[in-house]
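Q: Let's see this in three dimensions:
(one chain, ligands or ions: 2)
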Amino acid sequence: MERTFIMVKPDGVQRNIVGDVVTRFEKKGFQLVGAKLMNVSEDLAKEHYKEHKEKPFFGELVDFITSSPVFAMVWEGENAVTVARKMLGKTNPAEAEVGTIRGDYGLQVAKNVVHGSDSNESATREISLFFNESELVNYTKLINDWVY
Ligand code: RTP
Ligand code: MG
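A: Ligands and ions are numbered 1, 2, ... in the order given. Okay, here's the model as predicted:
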């Protein structure tokens, strides 16, 4: 089963959207493996977003993500990475389709409510950056290819 790292960003936490994001992933059929409300340190923010370190918005991005708590999650299920990215919508909420999380809840690219891993490699890297193995919970749910 694939896993992906999803994070409600500070704007989503401040605007009380955590529950809606969790509900969407639950209702879609994914299984929650780990979750926590946390502050992101400057070091963690820079490591997490290191692919963007030369971009003009990098400083603003790090400042924003460290400004207030985030809600970090690991979700598991079939094609979790690709499906979650579809559920998030395009990076810029102004261009994201209605029905996606960013399309329904956001207005500004710099404050686009949620983060989602963009590949399996990113997911593995990001999950290990944000979670210890002991924080990831293995459990059996009455879930199969038709009960979800
Ligand atoms: P994310 O990593 O947060 O899931 O978003 P993404 O893959 O859709 O977009 P990415 O290209 O990885 O950009 C990371 C985050 O940087 C912010 N951004 N700001 N001010 C700007 O022009 C600008 N461009 C990107 C966004 O918050 C984006 O999610
Ligand atoms: Mg990205």
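Q: going forward, measure contacts between C-alpha atoms and count neighbours the same way
A: Fine.
Q: any idea of the mean pLDDT for whatever helix or strand S122 lives in?
A: Secondary structure from DSSP states H and E places S122 in helix 120-130. Per-residue confidence for helix 120-130 averages out to 98 on the pLDDT scale.
Q: Do any residues in that helix lie close to ligand 1?
A: No - in this structure, helix 120-130 remains apart from ligand 1 according to CA under 6 Å from any ligand atom; the gap is never smaller than 9.8 Å.
Q: Quick check: buried residues in that helix?
A: The neighbour-count criterion (16 or more other CA atoms under 10 Å) identifies 120, 122-123, 126-127, 130 as the buried residues of helix 120-130.
Q: Return the list of helices and strands in contact with it.
A: Under the contact definition 3 or more CA pairs under 8 Å, 6 or more residues apart in numbering; DSSP states H and E, helix 120-130 sits against strand 2-8, helix 42-48.
Q: which of the ones you listed is buried the deepest?
A: Highest mean neighbour count of the helices and strands packed on helix 120-130: strand 2-8, a mean of 24 (counted as mean count of other CA atoms under 10 Å).
Q: Next, the buried residues of the helix or strand just after that strand.
A: Using DSSP H and E, the helix or strand that follows strand 2-8 towards the C-terminus is helix 10-14. Along helix 10-14, the positions that meet the burial threshold by neighbour count (16+ other CA under 10 Å) are 10-13.
Q: can you list the residues that contact helix 10-14?
A: Contacting residues not belonging to helix 10-14 are listed as 18, 64-65, 67-71, 111-114 [CA atoms under 8 Å, 6 or more residues apart in numbering].
Q: Equivalent analysis for stretch 38-48, please.
A: Outside of stretch 38-48, the residues that reach it under the criterion CA under 8 Å, 6+ apart are 53, 62-63, 65-66, 68-72, 126, 129.
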